[in-house]
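Chemist: sharing a sequence plus its predicted fold:
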Amino acid sequence: IKPLLVFVFFLLGIHFAQATLGVDLSQQCLVNNFQCLVKDGYTYAIVRCWESTGTSDPNCPHTIYNAWDGGMKAVDAYMFPCAGKSASSQVSALVAYLKSYNTKYGKIWFDIETNPSSGCGWSGTTSNNCKFMSDLISAGESEKIDMGVYASEYMWGKIMGSGCTVASKYPLWYADYDNSPSFGGFQSFGGWKSPSMKQYNGGETLCGCGVDLDYE
């Protein structure tokens with residue numbers, strides 16, 4: 001039994017050594033804050049760059065700069081789209097906004113969840129929302145950006161419908177607040193068979209910044 005236990009702990013050690021932890025945030029965070037996060041073992045950041053109102057986030061460019069300067073190994077952006085405005089126009093405007101600040105980033109993630117902003121909520125018809133998602137993807141392809149989708153199984157089903165698979169060839173960053181940095185318990189949805197990243201906790205304050213916690 002003892003050799004078996006040693007082997008199990010060895011495998012667990014490999015798993016945790018390979019785990020990569022990160023944060024996502026929708027507010028300004030300074031260089032020293034990111035340096036603290038890096039010291040605590042977080043290696044990547046995803047910064048909100050497009051707000052639910054369908055407008056650019058003024059904190060985005062400098063927060064991305066700060067993340068890089070603070071030692072993050074990877075920095076992405078996320079877009080909270082407004083369904084009441086043109087999908088293609090919003091994607092083009094975001095890409096142009098990031099370019100205007102000479103912002104270095106990896107992916108742009110499309111944030112699919114309930115939108116509380118006036119005039120920006122999702123349609124009550126899932127097929128309309130799925131078409132909007134398809135338009136976001138097409139716009140991203142036209143802009144030649146690296147992209148992915150953020151959604152929970154519940155939100156995707158409620159907003160897009162369980163049969164909407166238009167984004168399934170792109171990476172999935174899914175939300176499941178089980179406080180577990182692992183993909184255990186993932187249930188396939190939206191055509192995704194496996195995730196690329198998980199948001200496993202939210203509403204945390206770490207190193208002076210309000211963040212959600214992520215795993216990949």
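Modeler: Ah, there it is.

Chemist: so how many other residues sit close to Pro171?
Modeler: 18 (other C-beta atoms under 10 Å). Placement of C-beta: from N, CA and C, glycine included.

Chemist: pull the contacting residues for Cys82.
Modeler: Residues counted as contacts of Cys82 (C-beta atoms under 8 Å, 6 or more residues apart in numbering) are Ser52, Thr53, Gly54, Gln90, Asn115, Ser117, Gly119, Cys120.

Chemist: emit the ChimeraX select command for whichever of the residues you listed are buried.
Modeler: The buried residues among the contacts of Cys82 can be selected in ChimeraX (16 or more other C-beta atoms under 10 Å) with this line:
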select :52,53,54,90,115,120
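
Chemist: where along this structure do the helices fall?
Modeler: For the chain, applying DSSP state H gives helices covering 2-18, 31-39, 60-69, 87-100, 126-143, 153-159.

Chemist: what's the most buried one of these?
Modeler: helix 60-69 (a mean of 21; mean count of other C-beta atoms under 10 Å).

Chemist: for His62, which non-adjacent residue is spatially closest?
Modeler: Nearest residue to His62, sequence neighbours excluded (C-beta to C-beta, 6 or more residues apart in numbering): Gln28, at 7.2 Å.

Chemist: just to revisit the earlier point, hey, least reliable of the helices of the chain by pLDDT?
Modeler: Lowest mean pLDDT of the helices of the chain: helix 2-18, a mean of 41.

Chemist: what's around Thr165, how many residues?
Modeler: What Thr165 shows, counting by other C-beta under 10 Å, is a neighbour count of 15.

Chemist: hang on, it packs against Gly191?
Modeler: Yes: the criterion here is C-beta atoms under 8 Å, and Thr165 meets it with Gly191 at 3.1 Å.

Chemist: surely Met160 is in contact with Cys130?
Modeler: Yes: counting by C-beta under 8 Å, Cys130 is a contact partner of Met160 at 5.0 Å.

Chemist: follow-up on the earlier one: my read: the residue nearest to His62 touches Ile64, true?
Modeler: No: using C-beta under 8 Å, Gln28 makes no contact with Ile64, being 10.9 Å away.

Chemist: picking up where we left off before, out of the helices of the chain, which is closest to Val211?
Modeler: Nearest to Val211 among the helices of the chain is helix 31-39; the distance by C-beta to C-beta comes to 7.7 Å.

Chemist: just checking, what packs against that closest one?
Modeler: Judged by 3 or more C-beta pairs under 8 Å, 6 or more residues apart in numbering; DSSP states H and E, the packing partners of helix 31-39 are helix 60-69, strand 209-215.

Chemist: got the CA coordinates for stretch 57-64 in PDB?
Modeler: The C-alpha coordinates for stretch 57-64 follow below in PDB (Å, rounded to 0.1, in the frame of the first residue of the first chain):
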ATOM      1  CA  ASP A  57     -13.100  50.500 -20.900                       C
ATOM      2  CA  PRO A  58     -10.800  53.500 -20.100                       C
ATOM      3  CA  ASN A  59      -8.900  51.400 -17.500                       C
ATOM      4  CA  CYS A  60      -7.900  48.700 -20.000                       C
ATOM      5  CA  PRO A  61      -4.800  49.900 -21.800                       C
ATOM      6  CA  HIS A  62      -2.800  51.000 -18.700                       C
ATOM      7  CA  THR A  63      -3.900  48.000 -16.700                       C
ATOM      8  CA  ILE A  64      -2.600  45.800 -19.500                       C
END
